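Asker: Below is the sequence, then the predicted model.
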Amino acid sequence: MPPRPLAQLTLALIKPDLTANRLKANRVLGHIQQNDFTIVERKTLLWSKTDAEAFYGEHRGKFFFERLCGYMTSGHFHALILEKPNAISDWRALIGPTHPPRARIHASDSLRSLYGMTDTRNSFHGSDAVETAKKEIRFFFPEFDFERWEQEQRKGNTLES
Ligand SMILES: Nc1nc2c(ncn2[C@H]2C[C@H](O)[C@@H](COP(=O)(O)OP(=O)(O)OP(=O)(O)O)O2)c(=O)[nH]1
Ligand SMILES: Nc1ncnc2c1ncn2[C@@H]1O[C@H](COP(=O)(O)OP(=O)(O)O)[C@@H](O)[C@H]1O
Ligand SMILES: [Mg+2]
């Protein structure tokens with residue numbers, strides 16, 4: 001029996017506009033399950049301006065930085081750790097391009113096309129690389145035990161093979 005592909009973790013955000021709409025947020029959880037992601041951890045939180053500026057520090061100075069931080073502190077939002085083989089690229093593919101107007105042209109079935117409103121208020125975030133995912137998971141879930149999770153992955157593989 002070939003070992004199953006190693007699972008990967010990514011950090012997903014359902015941003016405040018969408019979190020505020022319970023019906024749509026539940027529909028998104030359905031998309032997550034239908035696309036074979038496992039929700040390993042989840043929490044709902046409200047950010048301060050300092051939190052938003054720290055998380056999006058890479059964009060400080062860009063013309064949209066203020067409006068991005070304003071958006072991300074405008075209400076509670078869901079943070080989730082999603083698990084699946086290739087979770088990082090699969091989640092980025094599922095949410096689609098950054099800008100919903102562009103997503104509606106190039107990726108009409110993506111989540112930002114379906115639920116995103118404008119360039120800033122695009123309703124979703126997904127880590128863009130392995131190291132970023134680790135950093136972003138630690139940002140929201142400092143207590144998450146990566147070593148234990150990786151051990152379970154390896155154990156799961158040896159048991160099956
Ligand atoms: N490159 C560039 N694009 C800009 C600038 N200002 C606005 N944009 C782009 C990105 C914005 O999302 C889009 C619409 O700008 P608006 O100020 O109308 O923001 P709006 O409330 O429509 O959408 P938003 O949620 O802020 O993205 O135009 C700028 O100074 N430079
Ligand atoms: N040109 C833009 N105009 C308005 N908001 C933007 C723009 N580019 C990015 N943003 C906002 O900043 C967030 C982070 O940008 P970026 O990291 O480039 O995209 P992504 O979230 O797809 O990784 C985006 O999700 C969006 O909310
Ligand atoms: Mg990004």
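Answerer: In hand now; what should we look at? Ligands and ions are numbered 1, 2, ... in the order given.

Asker: From now on I want contacts and neighbour counts done on CA atoms only, so please keep to that.
Answerer: OK.

Asker: Helices of this protein, residue ranges please.
Answerer: Per DSSP state H, the chain carries helices over the ranges 16-19, 22-34, 49-55, 65-72, 87-95, 100-106, 111-115, 130-140, 146-160.

Asker: From the chain's centroid, how far away is the helix or strand of the chain with the lowest mean pLDDT?
Answerer: Lowest mean confidence among the helices and strands of the chain (mean pLDDT, DSSP states H and E): helix 146-160, at a mean of 83. Counting by CA atoms, centre = their mean, to the nearest Å, helix 146-160 is centred 23 Å from the centre of its parent chain.

Asker: okay, the angle between it and helix 130-140?
Answerer: 120 degrees (axes from the mean of the first three to the mean of the last three CA atoms, to 10 degrees).

Asker: OK, contacts around Thr19?
Answerer: By CA atoms under 8 Å, 6 or more residues apart in numbering, Thr19 lies in contact with Ala25, His76, Phe77, His78.

Asker: Now list the buried members of those.
Answerer: The neighbour count (16 or more other CA atoms under 10 Å) marks Ala25, His76, Phe77, His78 as buried among the contacts of Thr19.

Asker: hmm, back to that, would you turn the helices of the chain into JSON lines with distance to Thr10?
Answerer: Converted to JSON lines, the helices of the chain look like this (distance: least, CA to CA, whole Å):
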{"stretch": "helix 16-19", "distance to Thr10": "19"}
{"stretch": "helix 22-34", "distance to Thr10": "12"}
{"stretch": "helix 49-55", "distance to Thr10": "15"}
{"stretch": "helix 65-72", "distance to Thr10": "19"}
{"stretch": "helix 87-95", "distance to Thr10": "5"}
{"stretch": "helix 100-106", "distance to Thr10": "21"}
{"stretch": "helix 111-115", "distance to Thr10": "16"}
{"stretch": "helix 130-140", "distance to Thr10": "5"}
{"stretch": "helix 146-160", "distance to Thr10": "12"}
